[in-house]
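1. Curious how this folds, go ahead:
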Amino acid sequence: MSVRVGILGATGAVGQRLIQLLDPHPEFEIAALTASESSEGKAYRDAAKWRVDSPIPDEVADTTVAATDPDAVPDDVDLLFSSLPSSVGAEVEPAFCEAGYVMSSNSSNGRMDNDIPLVIPEVNADHLDLLEVQRDERGWDGAMVKNPNCSTITFVPTLAALAEYGLERVHVATLQAVSGAGYDGVTSMEIIDNAIPYIGSEEDKLENESRKLLGEFDGASLSHDGVDVAASCNRIPTIDGHLENVWVEAEDDLTPDAAAEAMREYPSLDLRSSPEQLIHVFEEPDRPQPRMDRTLGDGMSIAAGGLRESTFGLQYNCLAHNTIRGAAGASVLNGELLLEEGYL
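-> Predicted coordinates:
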């Protein structure tokens, strides 16, 4: 029996990618789509400017878009996926949880709240138990789990693989694709023949979300990891795939060979959307590259390469598909974890 799901913010870039991933999903059935007032009441095919690299599924195309309001979503929807802008999500997501809906959200609002689990299932699935604290503190019948920022998801699994060596300091410089800004986020005149060395609030997200993800939950509260993280974020003219340069200083000796082995052996999960190998490590010094490597593991793998010793400890590059592993796919994976752990 499939789980009936809804998508909040279904007409946007991440909403469209959610539809692409959820339509063939054997465990989830798309039962509701919501968007802004300008789209309410329209057939989805008329409301969305479809830009995903596959056709709109026929049943989805004929679905009437509802208002983003708990009263407009059927009661028998078991799980909501949210891709709302954070300003909208901050207002309406709690209302859905108060109304009893369980939500897997990609929106940035609330990620750092003490009682909202921020989860990459292969890294910190145990943090999902924070939902019990959340329900007690907020009085919700529903619940909310968040996935991290797309750039955070790219490098944190590699850090988790190296955590046994005692992470002390991490520096990361990102080269982020334009799709991470949404369809209207960066104009062609801004980005063609250019690179933009600033992405608003992005550096704070990498620095703070990473420490929460690597932290420990003792059953009552979550403590953040003590590693120092410094980030510099840059927008470059690639369409999809965030490439990141990482420098790691560890308490114990961390050689490139040991790091490569730790990353290769870092386990994936049996969730449907988990890739067979979570971190693919290249031996070639010029890999990974966005155009060539962003779809590894159907876009759900992390790619790493260029491992070498440097003045600042271990240096390497990593890459992830920012709208699949970094956004829609991450939300779907958290939805699968919610189902496996009995929250639906």
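2. So what does residue 310 have for phi and psi?
-> Here is the backbone geometry of residue 310 (degrees, to the nearest 10): phi -140, psi 180.
3. so it makes contact with residue 247?
-> Yes. Here residue 310 reaches residue 247: they are 6.4 Å apart, a contact under CB atoms under 8 Å. (Glycine included, C-beta is placed from N, CA and C.)
4. higher neighbour count, those two?
-> residue 247 (17 against 12; other CB atoms under 10 Å).
5. Would you mind pulling the contact partners of the helix or strand containing that one?
-> Using DSSP states H and E, the element containing residue 247 is strand 242-250. Outside strand 242-250, the residues that touch it by CB atoms under 8 Å, 6 or more residues apart in numbering are 150-151, 154-155, 158-159, 162, 165-177, 180, 254, 259, 288-290, 310, 312-320, 322, 326.
6. Ok, stretch 201-214 next?
-> 108, 111-112, 118-120, 123-124, 127, 148-149, 151-152, 155-156, 159-160, 163, 167, 170, 172, 174, 176, 222, 224-227, 229-233.
7. From residue 231, how far out is the spatially closest residue to residue 314 that is not a sequence neighbour?
-> Spatial nearest neighbour of residue 314, chain neighbours left out: residue 248 (4.6 Å); criterion: CB to CB, 6 or more residues apart in numbering. Separation of residue 248 from residue 231 (CB to CB, to the nearest Å): 13 Å.
8. for residue 121, same thing?
-> For residue 121, the distance to residue 231 - CB to CB - is 23 Å.
9. Now do the domain split for this structure, please.
-> 3-148+327-340, 150-321 (automatic domain parsing).
10. And the buried ones among the contacts of strand 242-250, selectable in PyMOL?
-> Buried members of the contacts of strand 242-250, defined by 16 or more other CB atoms under 10 Å, are picked up in PyMOL with:
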select buried, resi 150+151+154+155+158+159+162+165+167+170+171+172+173+174+175+176+177+180+254+259+288+289+290+313+314+315+316+317+318+319+320+322+326
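11. Sort out for me which of the contacts of strand 242-250 are in strands.
-> Counted as lying in strands by DSSP state E, out of these, are 167-176, 310, 313-320.
12. the helices in this structure, which residues?
-> Under the criterion DSSP state H, the chain contains helices at 13-22, 44-47, 58-61, 86-98, 121-124, 130-138, 150-162, 188-191, 202-213, 256-265, 290-293, 329-340.
13. Residues touching the first one, excluding its own?
-> Among residues not part of helix 13-22, those counted as contacts by CB under 8 Å, 6+ apart are 5, 7-10, 28, 30, 33, 35, 48, 50-52, 54, 56-57, 60, 81, 83, 106, 179, 182-183, 273, 323-324, 327-329, 331-332.
14. can you pull the contacts of residue 153?
-> Contacts of residue 153 by CB under 8 Å, 6+ apart are 120, 147, 320, 325, 326, 330.
15. ok, now residue 118?
-> 111, 112, 127, 145, 146, 147, 148, 209, 212, 213.
16. Need the domains of the chain in TSV (columns: mean pLDDT).
-> Output for the domains of the chain, formatted as TSV (pLDDT from 0 to 100):
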stretch	mean pLDDT
domain 3-148+327-340	97
domain 150-321	97
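17. any idea how far residue 340 is from residue 174?
-> Residue 340 is 31 Å from residue 174, by CB to CB.
18. Each with direction, which strands does the strand holding residue 247 pair with?
-> Applying DSSP bridges, strand 242-250 is found paired with strand 167-176 (antiparallel), strand 313-320 (antiparallel).
19. Indicate which one of these is closest to residue 102.
-> When the strands paired with strand 242-250 are compared by CB to CB, strand 313-320 sits nearest residue 102, at 25.8 Å.
20. circling back to that earlier point, any idea which of the contacts of residue 153 is closest to residue 131?
-> The nearest one, if we look at the contacts of residue 153 relative to residue 131 and count by CB to CB, is residue 147, at 14.3 Å.
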